[in-house]
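Q: after the sequence you'll find the predicted model.
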Amino acid sequence: MNNLVELENVSVSFVKKKGLFGKPDRVAALSEVNFRLAPSEVVALVGESGCGKTTLARVVTGLQKPTSGMVRYKGKDIWRLSKKEFLEYRRDVQLMMQDSYAALNPMRSVEQSLIPPLLRHNIAKNHRSAREKVVELLESVGLTPGEQFLGKYPHQLSGGQRQRVCLARAISIDPKVIVADEPVSAVDVSLRLSILNLMSRLNKERGIAFIYITHDLSTARYIANHGRMVVMYLGRVVQTGNVHDLLANPTHPYLRALLSAVPVPDPEISRKKRMVQLRSMDMPNPTNPPSGCSFHPRCPIAIDKCAQVVPELRVLNGSEVACHLAEEGTKWSLVDHYQQS
Ligand SMILES: Nc1ncnc2c1ncn2[C@@H]1O[C@H](COP(=O)(O)OP(=O)(O)OP(=O)(O)O)[C@@H](O)[C@H]1O
């Protein structure tokens, strides 16, 4: 299957100024990242705060130009597209942000936010048919009856309802990909599942591919149940593969640490659960990342080589992992408990 989106050796670095006279620091937000997304695929991108998830979302949606490397959409370098092709790509690849309040204009009602894209992209011929289409869209994302929501302003909606309006706006122009950056982290826990189910339904019914970005392994596993997971640490992909293979074989110590930290509601399982003891709880300073494997200062099994050589991604037990000592992970057993949870 041809990929819709491909990132090849993509690096992004930012210059951070230090005061008026300080020497500026360079932050490597992404380092040599390779990533692919097939049509209708669901990929969950997981990692701690600051690992580069949002930067990757911005690169995929064409909002951030990489410092080096290539971003392709349908096989073409997105930074060499004609104006018409670039507009088509921006229409096909939509970004859904964590903060639905910031994503919607507070001065515009739902219909005022949703009608203009339909007219601009010739999806509706006139205002009346655009309005009918908006009602249809609102109902398809679970805001029923749609008419009741047309005149509402963002502050009159709950967090979950605002995220549904954002999804309605994203799907209104018939995208091929939605990049959802922490879409449920600001939504009440009780409503999160319904938003995740809605995204799964849009994936199945409309064939929209999703990149679901999160720091929460449970929701990542839920939404990418039949898809892939990509685990990032300090700007690099450390393990990637089919969700089931990856969780059955968390060969990277960072993924094992993440899994061991997932709370399990059953106290019986919780008591038996093996915690991975990291050597340090602090994330390294991204302006001065560790040499070799950037996880080595925290890794419980690191050896001298880890401080010297950057590990390449290699195939092991069905997934790709970047760790010199990944074979150690094949002895891991905590995941059995996690998968039952
Ligand atoms: N515009 C910018 N200028 C300077 N540094 C930046 C900029 N954007 C991101 N960074 C830095 O790049 C690194 C990756 O940031 P990014 O926002 O992509 O991470 P993240 O995984 O999405 O984190 P979070 O979950 O907190 O949003 C961080 O160290 C961040 O401080």
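A: Nice, thanks for sending it over.
Q: so what's the residue nearest the centre of the chain up against?
A: By Cα atoms, centre = their mean, the mean C-alpha position of the chain lies nearest to Ile213, the distance being 1.9 Å. Residues near Ile213 by Cβ atoms under 8 Å, 6 or more residues apart in numbering: 44-45, 53-54, 56-57, 179-182. (Glycine included, C-beta is placed from N, CA and C.)
Q: average pLDDT for the helix or strand harbouring Ala57?
A: Here Ala57 sits within helix 53-60, counting by DSSP states H and E. Mean per-residue pLDDT for helix 53-60: 95.
Q: the next helix or strand after it: which residues count as buried?
A: Using DSSP H and E, the next helix or strand after helix 53-60 towards the C-terminus is strand 68-73. Residues 69, 71-73 are the ones in strand 68-73 that count as buried (16 or more other Cβ atoms under 10 Å).
Q: measure Thr287 to Val238 for me?
A: 20 Å (Cβ to Cβ, to the nearest Å).
Q: the two: who's more crowded?
A: Val238 (26 against 13; other Cβ atoms under 10 Å).
Q: could you pull out the strands for the stretch 151-300 of the chain?
A: Counting by DSSP state E, counting those that start in this stretch, the stretch 151-300 of the chain has strands at residues 177-181, 209-214, 228-233, 236-242.
Q: out of the ones you listed, nearest to Leu193?
A: When the strands of the stretch 151-300 of the chain are compared by Cβ to Cβ, strand 209-214 sits nearest Leu193, at 13.6 Å.
Q: alpha carbons only: can I get the closest one in PDB?
A: Extracted in PDB, the C-alpha atoms of strand 209-214 (Å, rounded to 0.1, in the frame of the first residue of the first chain):
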ATOM      1  CA  ALA A 209      -6.400   8.100   8.600                       C
ATOM      2  CA  PHE A 210      -5.600   9.400  12.200                       C
ATOM      3  CA  ILE A 211      -2.400  10.300  13.900                       C
ATOM      4  CA  TYR A 212      -3.400  10.300  17.600                       C
ATOM      5  CA  ILE A 213      -0.900  12.100  19.800                       C
ATOM      6  CA  THR A 214      -0.900  11.500  23.500                       C
END
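Q: could you pull out the strands for the stretch 1-150 of the chain?
A: Using DSSP E, counting those that start in this stretch, the strands assigned to the stretch 1-150 of the chain run over residues 5-16, 25-37, 42-46, 68-73, 76-77, 93-96.
Q: got the buried residues for the second one?
A: In this case it means strand 25-37. 27-33, 35-37.
Q: stretch 159-177 too?
A: By neighbour count with 16+ other Cβ under 10 Å, stretch 159-177 contains the buried residues 159-172, 175-177.
Q: show me how far that stretch is from its chain's centre.
A: 16 Å (Cα atoms, centre = their mean, to the nearest Å).
Q: only alpha carbons, please: show it as PDB.
A: Written as PDB, here are the backbone C-alpha positions of stretch 159-177 (Å, rounded to 0.1, in the frame of the first residue of the first chain):
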ATOM      1  CA  GLY A 159     -15.100  20.700  26.500                       C
ATOM      2  CA  GLY A 160     -16.400  17.500  24.900                       C
ATOM      3  CA  GLN A 161     -19.000  19.400  22.700                       C
ATOM      4  CA  ARG A 162     -16.300  21.800  21.600                       C
ATOM      5  CA  GLN A 163     -14.000  18.900  20.500                       C
ATOM      6  CA  ARG A 164     -17.000  17.500  18.600                       C
ATOM      7  CA  VAL A 165     -17.400  20.800  16.800                       C
ATOM      8  CA  CYS A 166     -13.700  20.800  16.000                       C
ATOM      9  CA  LEU A 167     -14.100  17.300  14.600                       C
ATOM     10  CA  ALA A 168     -17.100  18.400  12.500                       C
ATOM     11  CA  ARG A 169     -15.100  21.300  11.100                       C
ATOM     12  CA  ALA A 170     -12.200  19.000  10.300                       C
ATOM     13  CA  ILE A 171     -14.300  16.400   8.500                       C
ATOM     14  CA  SER A 172     -16.500  19.100   6.700                       C
ATOM     15  CA  ILE A 173     -13.800  19.500   4.000                       C
ATOM     16  CA  ASP A 174     -13.500  15.700   3.500                       C
ATOM     17  CA  PRO A 175      -9.900  15.200   4.700                       C
ATOM     18  CA  LYS A 176      -7.700  12.100   4.200                       C
ATOM     19  CA  VAL A 177      -5.800  12.600   7.500                       C
END
